[in-house]
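1. test case, fold it:
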Amino acid sequence: MRAFATALLKVWGVVWLVSAVTGLVNVIAEWSARPFASSDAAMQRYSLFSSAATTLITFGVALVLLKFGEEIGKAIIRTDEQFAVGMSATQLEAVLLGTLGAYFITVGFREGLVIAYTLIRKASWDQSGTMEYVWRNRERQIAGAATEFLTGWLLVLGRKGIAETWARLHPMGSNDELPPSDEKAG
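-> Residues are numbered from 1 along each chain as shown. You can find the predicted model right below:
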């Protein structure tokens, strides 16, 4: 059961990490698009700084879950009862990574449809090129959709290799019981 909890925590960390990377792409796009050029510079500055802070916090939470997922799992589940799913922790991680990848593919595809809708709604009087028009109107969505779609395919196609590599780097043994307490009976 502890291995299952650890796997879930680490997959949750991967979700937060991808969310932070996607947020980072958005923050960079916002900062590079003539920051503070609007009539309400204070509001724009607040928006940019809050987006950057949210992205940094998300990145920090992801790193904590990835680095300390096993310790958190041990603290949550004190005894390691068998979880009868008929697969090893590595196989379960591969299934979870594949599911996560399918989610990201779906989200990236949905964002791609929004981008396509923007292109379809292009006004006939607009003489800009197709890619220029889409990039001008949906640059953050293009970066986010591409990141999510590619990450999803990476997770789906590489789920077994990622899970095996993770297991080699961070082995989870069945003897990961908590050490006996040093309290003396008295």
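
2. skipping adjacent residues, who's closest to residue 17 in space?
-> residue 62 (3.8 Å; Cβ to Cβ, 6 or more residues apart in numbering). Just so you know, the C-beta spots here come from the backbone N, C-alpha and C atoms, and that holds for glycine as well.

3. against residue 165, how distant is that neighbour?
-> Distance of residue 62 to residue 165, given as Cβ to Cβ, to the nearest Å: 18 Å.

4. tell me where the chain has helices.
-> 2-32, 41-76, 89-120, 130-169 (DSSP state H).

5. pick the most buried one from those helices.
-> Among those, ranked by average contacts under mean count of other Cβ atoms under 10 Å, first place goes to helix 2-32 (a mean of 19).

6. distance from the chain centre to that helix, please.
-> 3 Å (Cα atoms, centre = their mean, to the nearest Å).

7. and stretch 136-150, by the same measure?
-> 15 Å.

8. again with stretch 92-101
-> Distance, centroid of stretch 92-101 to centroid of chain: 13 Å (Cα atoms, centre = their mean).

9. contact partners of it?
-> Residues outside stretch 92-101 that contact it (Cβ atoms under 8 Å, 6 or more residues apart in numbering) are 3-4, 7-8, 10-11, 14-15, 85, 87, 151-157, 159-160, 162-163, 166-167.

10. CA-only coordinates of that stretch in PDB, if you can.
-> C-alpha atoms of stretch 92-101 as PDB (Å, rounded to 0.1, in the frame of the first residue of the first chain):
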ATOM      1  CA  LEU A  92       1.600   0.400 -11.600                       C
ATOM      2  CA  GLU A  93       3.700   3.500 -12.100                       C
ATOM      3  CA  ALA A  94       3.800   2.700 -15.900                       C
ATOM      4  CA  VAL A  95       0.000   2.500 -15.900                       C
ATOM      5  CA  LEU A  96      -0.300   5.800 -14.000                       C
ATOM      6  CA  LEU A  97       2.200   7.500 -16.300                       C
ATOM      7  CA  GLY A  98       0.300   6.300 -19.400                       C
ATOM      8  CA  THR A  99      -3.000   7.600 -17.900                       C
ATOM      9  CA  LEU A 100      -1.300  10.900 -17.200                       C
ATOM     10  CA  GLY A 101       0.000  11.000 -20.700                       C
END
